[in-house]
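Colleague: using only what follows, build the 3D model:
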Amino acid sequence: MKCLLVIPAYNEQENIERVVDELVEHHSGYDYVIVNDGSRDDTARICRERGYRFIDLPVNLGLAGAFQAGLKYAHINGYDIVIQFDADGQHLPMYLDDLVAALEDNDIVIGSRYGSDSQPKGLRGFGSALISGMIRLTTAAVIHDPTSGMRAYNRRMIEELASGPNLGPEPDTISYLVKKRGARVVEVPVAMAERLAGESYLNLRRSASYMMRAALSILLIQFFR
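Modeller: Residues are numbered from 1 along each chain as shown. Take a look at the predicted model:
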């Protein structure tokens, strides 16, 4: 089974070396490709000088566009499995084998930070519960951590995501794939680290906006796709 880690990266000059070097040194059984999403810092230069395998997008497409570029690369090169892997150091490679093993009988595996008895608090908890509720209402699927970015996809989902329009790695896409494509989704427990360096794009205002847009898309917009 050929497995590819797709690593979208936007302005990750402070993190990209540690993330990729750990993968190369300790998890060489997994191929990787970095998708430099029009970074304005030295991310591309570092990738070029270190000889990393990377796709250099000339403009910033956002996470959806960057991830789909990685999926197209995987599809063209005949990969059986794609794992979405963050460039900021929050995703821990110690769980890669668990994600792959769970794909044997499923189409999508989500690395879940929360179980039925372990939910986040505050705004994040409210947003996660809202999105989970919308997914359950529209698909009957129970997903405890729909916003987790650590996900694995099998070949059928790779083909779907590489060719489908506007199918970014977001909760509404998971909901769409379950409802319209019969995707089988399972969660495996993972822990996540804090960002190694730099600042996350998602501040409080953007996080709230993201949660509401995701819930609205799951509830309404996906029915018109």
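
Colleague: SS state for the residue nearest the centre of the chain?
Modeller: With distances taken as Cα atoms, centre = their mean, Gly149 lies nearest the centre of the chain, 3.6 Å away. Put simply, Gly149 is coil when judged by DSSP: H, G, I helix; E, B strand; the rest coil.

Colleague: shouldn't it be in contact with Ala87?
Modeller: No. With contact defined as Cβ atoms under 8 Å, Gly149 does not reach Ala87; the gap is 10.6 Å. The C-beta positions use only the backbone N, C-alpha and C, and glycine is treated the same way.

Colleague: check what pLDDT Glu125 gets.
Modeller: Residue 125: Gly, not Glu. Listed pLDDT for Gly125 reads 68.

Colleague: also Tyr114?
Modeller: Tyr114 carries a pLDDT value of 86.

Colleague: what is the least confident helix or strand in the protein?
Modeller: Within the chain, no helix or strand scores below helix 204-219, which has a mean of 74 by mean pLDDT, DSSP states H and E.

Colleague: output it in CSV with nothing but the alpha carbons.
Modeller: What follows is helix 204-219, C-alpha atoms only, in CSV (Å, rounded to 0.1, in the frame of the first residue of the first chain):
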residue,chain,number,x,y,z
LEU,A,204,-11.2,33.9,18.2
ARG,A,205,-13.2,35.8,15.6
ARG,A,206,-12.2,33.6,12.7
SER,A,207,-12.8,30.4,14.7
ALA,A,208,-16.4,31.5,15.5
SER,A,209,-17.0,32.4,11.9
TYR,A,210,-15.5,29.1,10.7
MET,A,211,-17.8,27.1,13.1
MET,A,212,-20.9,28.9,12.0
ARG,A,213,-20.1,28.6,8.2
ALA,A,214,-19.3,24.9,8.6
ALA,A,215,-22.6,24.2,10.4
LEU,A,216,-24.6,26.2,7.9
SER,A,217,-22.9,24.3,5.0
ILE,A,218,-23.6,20.9,6.5
LEU,A,219,-27.3,21.8,7.2
